[in-house]
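>>> I would like the atomic coordinates for the input below:
(one chain, ligands or ions: 2)
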Amino acid sequence: MEFMGTETIDDFFSGQAAALAGGTTMHIDFVIPANGSLSAGFETYLGKAKRSCMDYGFHMAITKWDETVSREMEVMVKEKGINSFKFFLAYKGSLMINDELLLEGFKKCKSLGALAMVHAENGDAVFEGQKRMIELGITGPEGHALSRPPVLEGEATARAIRLAGFVNTPLYIVHVMSIDAMEEIAKARKSGQRVIGEPVASGLVLDDSGLWDPDFDTAAKFVMSPPIRAPGHGKALQAALSTGVLQLVGTDHCTFNSTQKAFGIDDFRKIPNGVNGVEERMHLVWDTMVESGQISVTDYVRLTSTECARIFNIYPRKGAILPGSDADVIIFNPNSSFEISAASHHSRSDTNVYEGRRGKTSPGGKTWRSHHAALIADGSLPSKALPSRLTDVRYIAVMSIAEAHLLIPGEVIRTSHGSVGTTHMSL
Ligand SMILES: NC(=O)NCCC(=O)O
Ligand SMILES: [Zn+2]
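Residues are numbered from 1 along each chain as shown. Ligands and ions are numbered 1, 2, ... in the order given. Next up, the predicted model:
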């Protein structure tokens, strides 16, 4: 993804290699239109995706509005297999759109049967918050969190929910990071509105303390939007996930290396926003949610995978181990762990926001093995595979087997709690 004057350090190949190493076997990336053109953006991303080593799908961002965009949305849905569009309420001056455009976009999604997705922060208020921080002389990464507090996420979430309700169209809130946003989603769902809330790995397991680290590189690696919140928010998001208030776990994998993050060494507003997570998501959700007893193994499969397949209409090709479904499996040993580190991860990023945390190994002691249709015998990654873009927006299945059970290609899969699923990430 091109963002904030630079481009993510992971491309389709390295991002997907990281995903596969971490037990995720398909992703849906966000296409950013090229100068507002959906078809040009789509072609650009098809070109980038030539480097793919696993299956993928596309969402698309809508960053401006006119008759051409409206017509192109129709083409994307009817001819290109895109069934979800993202609207940014933040990033004033670049990706942000106003309420008028949001309403147009929601109406168009409704008429096309597509799912509207929203990045929910009040971009005008964030802009004001950033000015305030700079005026106070706060230029470091902590200024990022201070300038865009949870109330601005709550406000934008509530506004998007109400406007989606006004248009009467379903809504998906991406990267839910705060109690404020989660409570708006809870209220809407209780009232019967179809609102889907997606927390991401970073919001569930990290807190904002890293942003105050005196070492710039360390602090800057935690800069993402909405920001990683103060202690307490993550725990509340975990509880919301386990009780069904939030529906699935994504990653928003969007990596920049230290030299890119250093663009903002004198001004936090210039630090490219984004953190890693696609390689760590399955480990972290297992570790945080299953091992703590907050969710069952069956829940784990649903939250990391099946739910996503259902929401994006990919089930049962993905999200199920059934005749005709894709045979994507992951195998790990819950009793054996390794240390997560930038030194050994598969992303191209030179930092890892989960440095020092632990993940599970495969039965052979290596990273998890995961692959679509062809299991890798020794846990190694594919050098080049035969990926496909699922034009009917089908996803990939991941089966989690808690008992380490070595599979060989063609073997009948037996498990006491086998299931399947999917995830999405953005590169
Ligand atoms: N989330 C983030 O900080 N970077 C990716 C762009 C976005 O999705 O907002
Ligand atoms: Zn976003």
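>>> Any regions of the stretch 151-300 of the chain where pLDDT drops low?
Regions of the stretch 151-300 of the chain meeting the criterion pLDDT under 70 are absent.
>>> Contact residues of it facing ligand 1?
Contact residues, the stretch 151-300 of the chain versus ligand 1 (C-beta under 6 Å from any ligand atom): His175, Met224, Ser225, Asp252, Cys254, Asn273, Gly274. The way it works is simple: take the backbone N, C-alpha and C, and place the C-beta from them, glycine included.
>>> wait, doesn't the last one sit right on Met224?
Yes - proximity of Gly274 to Met224 meets the contact threshold set by C-beta atoms under 8 Å, at 5.3 Å.
>>> thinking again about what came up before, let me have the residues of the stretch 151-300 of the chain next to ligand 1 in JSON lines, adding neighbour count and distance to Leu20 as columns.
Compiled in JSON lines, these are given as follows (neighbours: other C-beta atoms under 10 Å; distance: C-beta to C-beta, whole Å):
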{"residue": "His175", "neighbour count": "23", "distance to Leu20": "22"}
{"residue": "Met224", "neighbour count": "24", "distance to Leu20": "23"}
{"residue": "Ser225", "neighbour count": "22", "distance to Leu20": "27"}
{"residue": "Asp252", "neighbour count": "27", "distance to Leu20": "18"}
{"residue": "Cys254", "neighbour count": "26", "distance to Leu20": "18"}
{"residue": "Asn273", "neighbour count": "20", "distance to Leu20": "25"}
{"residue": "Gly274", "neighbour count": "27", "distance to Leu20": "20"}
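>>> those strands in the protein, which residues are they?
Assigned strands in the chain, in chain order: 2-3, 6-7, 26-31, 55-61, 84-88, 115-119, 171-173, 195-197, 328-331, 333-339, 358-361, 369-372, 399-401 (criterion: DSSP state E).
>>> would JSON lines of the ones you listed with distance to Pro150 be doable?
Shown next, in JSON lines, are the strands of the chain (distance: least, C-beta to C-beta, whole Å):
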{"stretch": "strand 2-3", "distance to Pro150": "23"}
{"stretch": "strand 6-7", "distance to Pro150": "27"}
{"stretch": "strand 26-31", "distance to Pro150": "24"}
{"stretch": "strand 55-61", "distance to Pro150": "24"}
{"stretch": "strand 84-88", "distance to Pro150": "18"}
{"stretch": "strand 115-119", "distance to Pro150": "15"}
{"stretch": "strand 171-173", "distance to Pro150": "14"}
{"stretch": "strand 195-197", "distance to Pro150": "14"}
{"stretch": "strand 328-331", "distance to Pro150": "34"}
{"stretch": "strand 333-339", "distance to Pro150": "31"}
{"stretch": "strand 358-361", "distance to Pro150": "29"}
{"stretch": "strand 369-372", "distance to Pro150": "35"}
{"stretch": "strand 399-401", "distance to Pro150": "32"}
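>>> which neighbours do Gly274 and Met224 share?
Any residue near both Gly274 and Met224 by C-beta atoms under 8 Å, 6 or more residues apart in numbering counts here, and that gives Asp252, Cys254.
>>> Please report how far Ala181 lies from ligand 1.
As judged by C-beta to the nearest ligand atom, to the nearest Å, Ala181 and ligand 1 stand 14 Å apart.
>>> next one: Gly113
Gly113 is 24 Å from ligand 1, where distance means C-beta to the nearest ligand atom.
>>> I'd say that residue and Val77 touch.
Yes - using C-beta under 8 Å, Gly113 is in contact with Val77, at 7.4 Å.
>>> the more surrounded of these two?
Val77 (21 against 11; other C-beta atoms under 10 Å).
>>> mind listing what that one touches?
Asn83, Leu112, Gly113, Ala114.
>>> pull the longest helix from the protein.
Counting by DSSP state H, the longest helix found in the chain is helix 150-167.
>>> Smallest gap between the stretch 1-150 of the chain and ligand 1, at which residue?
As assessed by C-beta to the nearest ligand atom, ligand 1 sits closest to His119 within the stretch 1-150 of the chain, at 5.0 Å.
>>> Chain neighbours aside, what residue packs nearest to that residue?
Nearest residue to His119, sequence neighbours excluded (C-beta to C-beta, 6 or more residues apart in numbering): Phe88, at 4.5 Å.
>>> which residues does that neighbour bridge with?
Met96, His119 (DSSP bridges).
>>> Could you tell me how many residues sit around Leu95?
Using other C-beta under 10 Å, Leu95 has 21 neighbouring residues.
>>> quick one: pLDDT of it?
At Leu95, the pLDDT value in this model is 97.
>>> For it, give me its contacts.
Leu95 sits next to Ile32, Ala61, Thr63, Phe88, His119 when contact means C-beta under 8 Å, 6+ apart.
>>> 10 Å - rerun?
Residues near Leu95 by C-beta atoms under 10 Å, 6 or more residues apart in numbering: 3-4, 32-33, 61-64, 86-89, 119, 123.
>>> Ok, Glu7 next?
Contacts of Glu7 (C-beta under 10 Å, 6+ apart): Met1, Lys48, Phe256, Gln260, Pro272, Leu427.
>>> Give the bridge partners for it, please.
Beta-bridge partners recorded for Glu7 (DSSP bridges): Glu2.
>>> Find the closest residue to ligand 1 in the stretch 101-250 of the chain.
Nearest to ligand 1 in the stretch 101-250 of the chain, going by C-beta to the nearest ligand atom, is Met224, at a distance of 3.5 Å.
>>> Isn't that residue up against Pro272?
Yes - with contacts counted by C-beta atoms under 10 Å, Met224 reaches Pro272, the gap being 9.5 Å.
>>> what residues are shared contacts of these two?
Common contacts of Met224 and Pro272, defined by C-beta under 10 Å, 6+ apart, comprise Cys254.
>>> List the contacts of the residue of the stretch 101-250 of the chain closest to ligand 1.
Per C-beta under 10 Å, 6+ apart, neighbours of Met224: 144, 175, 177, 200, 202-203, 206, 252, 254, 271-277, 353.
>>> Just the ones of those in helices?
Of these, the ones assigned to helices by DSSP H are His144, Ser202, Gly203.
>>> Contact partners for the second one?
With contact taken as C-beta under 10 Å, 6+ apart, Ser202 is in contact with 175, 177, 222, 224, 227-229, 234, 251-253, 274-277, 280-281, 284, 353-354.
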